[in-house]
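with the sequence up front, the predicted model follows.
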Amino acid sequence: MSAQADKYVLAIDLGTSSAKVALISMRGDVAGWECEPMGLTLLPNGGAEQDPLDWWNGIMAAAKRLMARRLVPAESVVAVCTSSQGSGTVPVDRHGNCLMNCMTWLDSRAAQVVRRQVGGGLEIAGYNALKLQKWVSLTGGAPSLSGKDRFGHMLWLKLEKPDLYSHTYKFLDVLDYIDFRLSGQFVTSADSAVGTWLTDNRDPGSVRYDSGLARLGGLDIEKQPAIRRSIDVLGPIQAEVSEALGLRKDVAIVTGAFDIPAAALGSGAVRNFEAHVYLGTSSWVAAHVPFKKTDVASTMASVPCAIPDRFLLMAVQEIAGGNLTFFRDNLLFHRDALLDRPAPDDYFEALNRVAEAVPPGSRGVMYTPWLYGERSPVDDPWVRGGFHNLSLGSTRGDMVRAIMEGVAFNTRWVFEPAEKFCGQRLDKVNLVGGGALSDLWCQVLADVLNRTVRQVKDPVYANARGAAFMAAVGLGLVRFEDIPNLIQYQATYTPEPERRELYDTMYREYLTIYKVTHKIHERLNRARN
């Protein structure tokens, strides 16, 4: 390892709200990084789109700034690898030109067409029983009834935009598009291919498309990119990219993975049954496991990941830290013709300070973070969030802490079936993502989960660090089993026993709020659609 200390990866982390580019050593040390914000277009019919050209331009702008800082010698950069948001769909022609914006992981326009395609006859949880059995047996899961995955996006395009569908050469995920721009190849990673629900995933080291699943879903395999392992070297960097960034022409492009498998590596939770929680715009609980398994009731499964011989349990929750951004932009610093107050640069730190002054339990205020529906442990596109038990005495601090506690309750909601899935208690949790920068949020999560929480050092770089580790393994410079020893922790948080009864009581009420209100939300939101 010491001989590789002078080699670096240009690691790309393309999220929903920003594109980060970092220079990371083979040991996971971050030399520096740059960031570009990303916009999101929400459409009234459930659409949620981004322009792939904005991704690429943002990545290149950040990378140029980063390389111009000369933090490391340009010749020491030996690879480029990407982690990205997942479940996006970019239709491209034979030359890689985008035929429309990307339908992102938030896009629910396909909900109705998916339900028609997968339902009918004897149904189980909205799926035709025979179709569900086929999907689960081969893939470990099934197309999301919310329509927020690649299967749903492609089916919607085939039925609603048939001309565009017929002219599409390949349907690329977000990662695939960036890999194409870097390498010139139309490929997808094994973990990204899962979202098509067209793959046989029984052998995680040899994921392949299945013609029977394609017929079942009414989609075309020839429009799918070739599947590669996350650690596969695709070839050298495109000449125009290396020239623009001042990199060597032989810099290797490594396939990479979407954000959840990348964060699993970057968090250090690499061994079987080691869990990590990500708190970013969205949230998830994940743990590597040695088996393929499905829990239809809780909408979670173990699927192929960045480690070729392993599966990864993934339980995704729709909106986490995005609730604080919503609170900032729509309640605190709303910008319109009457009130134009830009948010301060340190808004997150300021919100954290006001929440620290509030006692556990937020003086009775509760918050449900379902601003765009939920995925796990319920697949519910209609449920919506809100504050509960507000009074004239409630303060801004109460509401901010309630948001943090609400996200923690939501994590506990999925943690229980996740532990049942694994067949054992997940005692320690590695925490990454922007939310892990908050010491308060780390402690709240430890208290609500009643688990030890380890705050990974530089948690916002977890996805990029995971991409760097994939490149290092792909180049033969690091082994997966080395990774846990390369991770450093900022702090460790243990549950406060005196808060156990309070949070157990509030958690029970949290579940009651969903049980009582979810049908109301469905009626209200179905009427608007």
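Good, I have the coordinates.

for the rest of this, base every contact and every neighbour count on C-alpha atoms.
OK.

doesn't residue 23 belong to a strand?
Yes. According to DSSP: H, G, I helix; E, B strand; the rest coil, the state of residue 23 is that of a strand.

so it makes contact with residue 7?
No. Applying CA atoms under 8 Å as the test, residue 23 and residue 7 come out as separate, 9.8 Å apart.

which residues touch residue 375?
Applying CA atoms under 8 Å, 6 or more residues apart in numbering, one finds that residue 375 lies in contact with 299, 315, 316, 317, 318, 381.

for residue 210, state which of those residues is nearest.
residue 299 (22.2 Å; CA to CA).

report the beta-bridge partners for residue 301.
residue 294, residue 314 (DSSP bridges).

quick one: contacts for it?
Contacts of residue 301 (CA under 8 Å, 6+ apart): 140, 141, 292, 293, 294, 295, 313, 314, 315.

which of those has the most neighbours?
residue 313 (28 neighbours; other CA atoms under 10 Å).

excluding sequence neighbours, find me the nearest residue to that residue.
Nearest residue to residue 313 in three dimensions, chain neighbours excluded: residue 302, at 4.0 Å (CA to CA, 6 or more residues apart in numbering).

one step back: out of residue 23 and residue 7, which sits in the busier spot?
residue 23 (27 against 21).

contact partners for that one?
8, 9, 10, 11, 30, 31, 32, 33.

who is it paired with across the strands?
Beta-bridge partners, per DSSP bridges, of residue 23: residue 10, residue 32.

how near is it to residue 259?
18 Å (CA to CA, to the nearest Å).

do the same with residue 398
Remark: distance between residue 398 and residue 259 (CA to CA) = 32 Å.

wait, isn't residue 433 in contact with residue 280?
Yes. Contact criterion CA under 8 Å: residue 433 and residue 280 qualify, at 5.0 Å.

in terms of neighbours, single out the busier of those two.
When residue 433 and residue 280 are compared for neighbours, residue 433 comes out ahead with 24 against 21, by other CA under 10 Å.

give me the below-cutoff pLDDT ranges for the stretch 401-529 of the chain.
529 (pLDDT under 70).

next one: the chain
Using pLDDT under 70, the flagged stretches of the chain are 1-5, 333-345, 529.

and with 80 instead?
1-5, 296, 330, 332-348, 527-529 (pLDDT under 80).

which residues touch the closest residue to residue 41 other than its chain neighbours?
Excluding the flanking residues, the one nearest residue 41 by CA to CA, 6+ apart is residue 49, at 5.1 Å. Each residue near residue 49 by CA under 8 Å, 6+ apart is listed here: 40, 41, 42, 101, 102, 103, 104, 107.

list just the nearest of these to residue 134.
Nearest to residue 134 among the contacts of residue 49, with distances taken as CA to CA, is residue 107, at 25.6 Å.

how much space separates that closest one from residue 67?
From residue 107 to residue 67 the distance is 34 Å (CA to CA).

for residue 271, same thing?
34 Å.

same check, this time on residue 299
42 Å.

what's the answer for residue 347, then?
29 Å.

mind checking which of these two has more residues around it?
Neighbour count, other CA under 10 Å: between residue 347 and residue 67, residue 67 has more, with 22 against 14.

check for me that that one belongs to a strand.
No. With three-state DSSP as the criterion, residue 67 is assigned helix and is not in a strand.

what's the nearest residue to it if we skip its chain neighbours?
residue 245 (6.7 Å).

how about the helices in the stretch 351-500 of the chain?
Assigned by DSSP state H, counting those that start in this stretch, the helices in the stretch 351-500 of the chain fall at 396-422, 439-449, 462-474, 500-528.

residue 233: which of the ones you listed is closest?
Per CA to CA, nearest to residue 233 of the helices of the stretch 351-500 of the chain: helix 462-474, 6.5 Å.

for the closest one, packing partners?
strand 8-14, strand 18-25, strand 77-84, strand 252-258, helix 259-266 (3 or more CA pairs under 8 Å, 6 or more residues apart in numbering; DSSP states H and E).

quick one, helices of the stretch 51-200 of the chain?
Using DSSP H, counting those that start in this stretch, the helices assigned to the stretch 51-200 of the chain run over residues 52-68, 111-118, 129-139, 150-160, 162-167, 174-183, 190-193.

would you list these in JSON lines and tack on distance to residue 80?
Formatted as JSON lines, these follow (distance: least, CA to CA, whole Å):
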{"stretch": "helix 52-68", "distance to residue 80": "11"}
{"stretch": "helix 111-118", "distance to residue 80": "36"}
{"stretch": "helix 129-139", "distance to residue 80": "30"}
{"stretch": "helix 150-160", "distance to residue 80": "25"}
{"stretch": "helix 162-167", "distance to residue 80": "31"}
{"stretch": "helix 174-183", "distance to residue 80": "8"}
{"stretch": "helix 190-193", "distance to residue 80": "18"}
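
tell me the most buried of these?
helix 190-193 (a mean of 29; mean count of other CA atoms under 10 Å).

which residues touch that helix?
Contacts of helix 190-193 (CA under 8 Å, 6+ apart): 86-87, 173, 175, 199, 207, 227-230, 257-258, 261, 303-306.

out of those, which are buried?
Neighbour counting by 16 or more other CA atoms under 10 Å classes 86-87, 173, 175, 199, 207, 227-230, 257-258, 261, 303-306 among the contacts of helix 190-193 as buried.

for residue 140, which non-adjacent residue is closest in space?
residue 294 (5.4 Å).

identify the residues contacting the one you found.
Contacts for residue 294 were tallied using CA under 8 Å, 6+ apart; they are 136, 140, 141, 300, 301, 302.

residues near the nearest residue to residue 450 once chain neighbours are set aside, how many?
Excluding the flanking residues, the one nearest residue 450 by CA to CA, 6+ apart is residue 495, at 5.4 Å. Here the count is done by other CA under 10 Å, and residue 495 has 18 residues near it.

re earlier: for residue 331, which of the helices of the stretch 51-200 of the chain is the nearest?
Among the helices of the stretch 51-200 of the chain, helix 52-68 sits nearest to residue 331 (CA to CA), with 27.9 Å.

just the angle between the closest one and strand 8-14, please?
Orientation check (axes from the mean of the first three to the mean of the last three CA atoms, to 10 degrees): helix 52-68 against strand 8-14 gives 150 degrees.

between strand 18-25 and helix 52-68, find me the angle.
Comparing the axes of helix 52-68 and strand 18-25 via the same axes, to 10 degrees yields an angle of 40 degrees.
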